[in-house]
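Asker: All I have is the shape, not the residue letters:
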DNA sequence: AATAAAATTCCATATTGCGGAATTTATTAA
DNA sequence: TTAATAAATTCCGCAATATGGAATTTTATT
């Protein structure tokens, strides 16, 4: 063994897969080479192996690689074993029925949130998001919520590296504004998205904590401002969202 | 290189992960050893490596291993890149709105189906299933649908290895009965679940084909018999389900 | 407390993975 | 079309890595 039970080739594979996942788009060998910094020959060989094991898929026409079907299998299995997920689903369904609006459960990954579960409203107008979708932390209720409760050092690091692209006129686009917003969120116990991601779209989110008092996710209710322009909606929803978030937190071991 | 770009340690890791995914339950080192047939020391070392890379999680109290968070990340990313998934979602939503009932998208894995996407109805009564849930082929509309359209050899192999546990009095529990049912499905173009999985639960499913005319998935509408006991419901739903399945098939390249 | 079983560590050896260089294939420019 | 450039793929000897039997420690069972 080199060191402490490392498996070099596996590490490289995970580095490649992570690179591909981070990148979202299909990637060519050269792109992976540039982004990972590994030797091209090595990557080539590992990608062949990964492909034959179905962890990666290769589009022969374009010579592009993408994450493969076996990862979907592993992933959805892991997801359905995840306490957070199984516990949240019925509570999310209840929340959706109470509010009539779309409910999401998301976790933080880098400077984005990833949707792990989503219960859509029955309104025809529905945003084109789904399990696996990612959104920037600064313009989502869930992103801001998580940011407000993770440890400050990590939050600062994320904020320092944020792109802050202005999705709408309301998008928070500076670290100082965002910090002020996080302070407000901590005071209220919930976060609001006031058309900061997309015009006409609002949401209210609350944090989910684990047994050791750390945020592990956020739950939100998202709705169209066209149907509910009144600002009182935020507070009204927040009560329900917070109740749901607490229920989930407790169920996964939070005692605070 | 050993042979044609194999990476032995990676292969073993995938074998371990597959074993764990197949098993559903958390596993102990010894269990993995027995099920994979690999040497215990090797598995131990690889599990350590997998754990430190977050592909696997280790419950130190019980010394059990389970699929880790990084696999969720890879999996949901792969899922959201999957044409089948992204194309299906809006069509499933439409189908749910048309019928008012829960809509599922599933693929075949071994002798089970796995739910890849699910749009729940707003009825309070909702079955406890979610993305990643697995069900036996013989007692689900989607399982039977896929079985009816995959190549016969594979279907026979699956049927030969089926457990056929009798979930209800209606559960199909012999190969010959199942074969007769598959024939009926091929004639109708859709499959029905007549309380074969759970008393009070019915569903109607139709197959989804790809560019090379192969079934890749099935879509279904599932509902409570308490609300709709009438058998005409099957045919009524089948029209809508078939329409949706064709729409998805075409969108992913089917031309038949 | 004694026994059995499972988990973990150790280490010498064979095997595997590595990556530079060469070759082939695709892409772009002329 | 041809030439030039860039990317993908193959080759192979060497060094580093993974292997697994045996020993040790920890945990479960009697």
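Answerer: Perfect, I can see it now. For clarity, every value in this text was computed on a predicted model and none was experimentally measured.
Asker: Regarding residue A:106, what is its secondary structure?
Answerer: At residue A:106 the chain is in strand, as set by DSSP: H, G, I helix; E, B strand; the rest coil.
Asker: make that residue A:241, sorry
Answerer: Under three-state DSSP, residue A:241 comes out as helix.
Asker: Over to residue A:172?
Answerer: Classification of residue A:172 using three-state DSSP returns coil.
Asker: quick one: it and residue A:196 touch, right?
Answerer: Yes - using CB atoms under 8 Å, residue A:172 makes contact with residue A:196 at a distance of 6.3 Å. Every C-beta, even on glycine, is put in place using the N, C-alpha and C of the backbone.
Asker: can you list the weak-confidence ranges in chain A?
Answerer: For chain A, residues meeting the criterion pLDDT under 70 lie at A:1-4.
Asker: Which residue ranges of it form helices?
Answerer: Secondary structure of chain A by DSSP state H: the helices cover A:8-23, A:29-36, A:40-52, A:69-81, A:83-99, A:141-149, A:152-160, A:175-188, A:232-251.
Asker: if you compare those, which one is most tucked away?
Answerer: Across the helices of chain A, averaging neighbours per residue (mean count of other CB atoms under 10 Å in any protein chain shown) puts helix A:141-149 on top, at a mean of 28.
Asker: Report the separation between residue A:235 and residue A:111.
Answerer: 29 Å (CB to CB, to the nearest Å).
Asker: so what's whatever residue of the stretch 1-150 of chain A ends up closest to DNA strand D up against?
Answerer: Closest residue of the stretch 1-150 of chain A to DNA strand D, CB to the nearest atom of the strand: residue A:30 (3.1 Å). Shown in contact with residue A:30 (CB atoms under 8 Å, 6 or more residues apart in numbering or on different chains): residue A:40.
Asker: who in the stretch 51-200 of chain A is up against DNA strand C?
Answerer: Within the stretch 51-200 of chain A, the positions adjacent to DNA strand C are residue A:63 by CB under 7 Å from any atom of the strand.
Asker: Which single residue in the stretch 51-200 of chain A comes nearest to chain B?
Answerer: Per CB to the nearest CB, residue A:75 is where the stretch 51-200 of chain A lies closest to chain B, at 0.9 Å.
Asker: same check, this time on the stretch 151-256 of chain A
Answerer: Closest point on the stretch 151-256 of chain A to chain B, by CB to the nearest CB, is residue A:216, at 10.2 Å.
Asker: Neighbours of that residue, how many?
Answerer: 21 (other CB atoms under 10 Å in any protein chain shown).
Asker: same thing with the one 5 residues further on?
Answerer: For residue A:221, the count of nearby residues is 28 (other CB under 10 Å).
Asker: Report the separation between it and residue B:145.
Answerer: Residue A:221 is 35 Å from residue B:145, by CB to CB.
Asker: Now for residue A:57: which residues touch it?
Answerer: Residue A:57 makes contacts with A:51, A:65, A:66, A:67, A:68, A:69, as judged by CB under 8 Å, 6+ apart.
Asker: partner residues bridging it?
Answerer: Beta-bridge partners for residue A:57, by DSSP bridges, are residue A:66.
Asker: ok, back up a step: does the residue of the stretch 51-200 of chain A closest to chain B touch residue B:80 like I think?
Answerer: No - using CB under 8 Å, residue A:75 makes no contact with residue B:80, being 10.5 Å away.
Asker: re earlier: what is the most widely separated pair among the contacts of residue A:57?
Answerer: Using CB to CB, the pair of the contacts of residue A:57 lying farthest apart is A:65 and A:69, separated by 13.3 Å.
Asker: Contacts only, for the nearest residue to residue A:97 once chain neighbours are set aside.
Answerer: Closest residue to residue A:97 apart from its sequence neighbours, by CB to CB, 6 or more residues apart in numbering or on different chains: residue B:122 at 6.4 Å. With contact set as CB under 8 Å, 6+ apart, residue B:122 has these partners: A:96, A:97, A:122, B:100.
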